[in-house]
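# everything below, folded, please.
(one chain, ligands or ions: 2)
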Amino acid sequence: MVFELTAKRQGLNSGLFVGTGKIEEIKYLCKKNQTSLVIFGQELSAIQQRNLSQSFNCRVIDRVALILDIFALRANSHEGKVQVELAQLEYLSSRLVRGWSHLERQKGGIGLRGPGETQLETDRRLIGVKVKKLRHQLKILEKQRKNRRRARERSGILNVSLIGYTNAGKSTIFNVLSKSKVYAANQLFATLDTTSRRVFLNKGKSMILSDTVGFINKLPHGLIEAFKATLHETVHSDLLVHVIDYSDENWRRHMNDVEIVLREVGAEKVARINLFNKIDIKGLDPRVEHDQCGRINNVWISAENNKGLNLLKQAILSNVLYDLDIGFNEDNVDSSSNSTNSYFLKKNKSPSTGSLL
Ligand SMILES: Nc1nc2c(ncn2[C@@H]2O[C@H](COP(=O)(O)OP(=O)(O)OP(=O)(O)O)[C@@H](O)[C@H]2O)c(=O)[nH]1
Ligand SMILES: [Mg+2]
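Residues are numbered from 1 along each chain as shown. Ligands and ions are numbered 1, 2, ... in the order given. Have a look, this model is predicted:
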């Protein structure tokens, strides 16, 4: 990155997004640094993007395009790729506006175009066809995902999802707990695909732990739409572990951003544990806090240094035992009774099997 600028504005300039003074400043910097790309940290309209690009004489992209680009780089699985492509096409179709003169020209011709169609109409039609195809593919994948989830639910085992702002340390925690090697790195959206593993909590008690895609402030709506199936996994969890980067000075704001996405996917009511990670950076020791009902609702850990992960397991069990109305103490956790495993039978079977408890 060559330069970074911020601007405070009361109202937005509809044609150029920022004021003419700022435009001149950026223009000067672009020329001086021979800049090839300018990224706006906000969402731009197609017209603004075109006008800015013409002013700066280089490519201009907005926040949504940047996030989509990162997602496209990280997509590994077939489903991930389809989801990202769908979000990209939806974004692109909203960008196809009158104003790029070549799109307005009428081009009859052999092959793709119908007679008299403008380039703009052709592009829209082709995108529409592709979007329909991708949606259909996603529907099939969603069905498979649903079946897998049902099978998991039938097995009656506790489902716990690690959720949170991107780069908070979800995958690192997942790897330590499940002894896996999913990709964890100091970058945005390192994880796109949900990975699930069985993790043992204590003597014979276990859970299915899922590592999920990270959230970000103002996650583009198109992406939430495309990733709905993946995000809905969180809605069907028994418990969410909200991972927070406690070393980040903006952690409160990030927590709030996560809440907004959870609300958007309908997961705001799922039971929650707040997991404050990276305490090593702040030189703190692992600890827990209880809520009024005695459940552990806040845990401080360092996944990197493997400190406090047992406290997280205890917190998960305390929530499960609370649901079972058993109450939490170390005896319950360590006893060889399989009461916590029965929790899932209670949840998923008919009332008559509740006696299994
Ligand atoms: N110092 C420190 N660094 C950590 C800790 N936990 C994770 N990290 C680092 O934080 C970075 C992000 O970790 P990830 O586990 O990939 O984060 P994530 O939440 O899965 O991120 P996304 O998949 O992008 O949403 C990595 O460089 C980790 O090494 C910790 O406890 N302490
Ligand atoms: Mg990750």
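
# and the strands in the stretch 151-300 of the chain, which stretches?
All strands of the stretch 151-300 of the chain, identified by DSSP state E, counting those that start in this stretch, fall at 158-164, 195-202, 205-211, 239-245, 271-277, 287-290, 296-300.

# out of those strands, which is the most enclosed?
Stretch with highest mean neighbour count among the strands of the stretch 151-300 of the chain: strand 158-164 (a mean of 25; mean count of other Cβ atoms under 10 Å). No exception for glycine: its C-beta is placed from N, CA and C like everyone else's.

# is that strand positioned near ligand 2?
No: contact of strand 158-164 with ligand 2 (Cβ under 5 Å from the ion) is absent, the minimum separation being 8.4 Å.

# list the helices and strands that strand packs on?
Helices and strands touching strand 158-164, by 3 or more Cβ pairs under 8 Å, 6 or more residues apart in numbering; DSSP states H and E, are helix 170-178, strand 205-211, helix 228-235, strand 239-245, helix 251-265, helix 309-323, helix 339-348.

# so what touches the fifth one?
When you say that, I think you mean helix 251-265. With contact meaning Cβ atoms under 8 Å, 6 or more residues apart in numbering, helix 251-265 is reached by 163-165, 168, 215-219, 224, 228, 231-232, 234-235, 240, 242, 244-245, 248, 268, 270, 274, 276.

# 6 Å instead, please
Helix 251-265 is contacted by residues Gly164, Tyr165, Phe215, Asn217, Leu219, Ile224, Leu231, Ile244, Asp245, Glu268 when judged by Cβ atoms under 6 Å, 6 or more residues apart in numbering.

# distance of the first one from Phe276?
As judged by Cβ to Cβ, to the nearest Å, Gly164 and Phe276 stand 10 Å apart.

# now do Asn13
Asn13 is 41 Å from Phe276, by Cβ to Cβ.

# residue contacts, Ser93?
By Cβ under 6 Å, 6+ apart, the neighbours of Ser93 are Ile127.

# for ligand 1, what's the nearest residue on the stretch 101-250 of the chain?
Residue nearest to ligand 1 within the stretch 101-250 of the chain: Gly214 (2.2 Å; Cβ to the nearest ligand atom).

# for the protein, which residues are neighbours of ligand 1?
164, 166-172, 184-186, 188-191, 214, 277-278, 280-281, 302-304 (Cβ under 6 Å from any ligand atom).

# residue in the stretch 251-357 of the chain with the shortest distance to ligand 2?
Ala303 (11.3 Å; Cβ to the ion).

# next up, the contacts around Val241.
Leu162, Ile273, Leu275.

# which residues does the last one form beta bridges with?
The bridge-partner assignment for Leu275, based on DSSP bridges, gives Val243, Val299.

# hmm, it is touching Asn298, no?
No: using Cβ atoms under 6 Å, Leu275 makes no contact with Asn298, being 8.1 Å away.

# how many neighbours does Gln42 have?
For Gln42, the neighbour count with other Cβ atoms under 10 Å is 12.

# secondary structure element holding it?
Following DSSP states H and E, one finds Gln42 outside all helices and strands.

# which one is it nearest to, not counting chain neighbours?
Arg63 (5.7 Å; Cβ to Cβ, 6 or more residues apart in numbering).

# residues contacting the one you found?
Applying Cβ under 6 Å, 6+ apart to Arg63 gives the contacts Gly41, Gln42, Glu43.

# closest one of the residues you listed to Leu312?
The nearest member of the contacts of Arg63 to Leu312, counting by Cβ to Cβ, is Gly41 at 34.0 Å.

# which bits of the stretch 201-350 of the chain sit near ligand 2?
Going by Cβ under 5 Å from the ion, none of the residues of the stretch 201-350 of the chain are near ligand 2.
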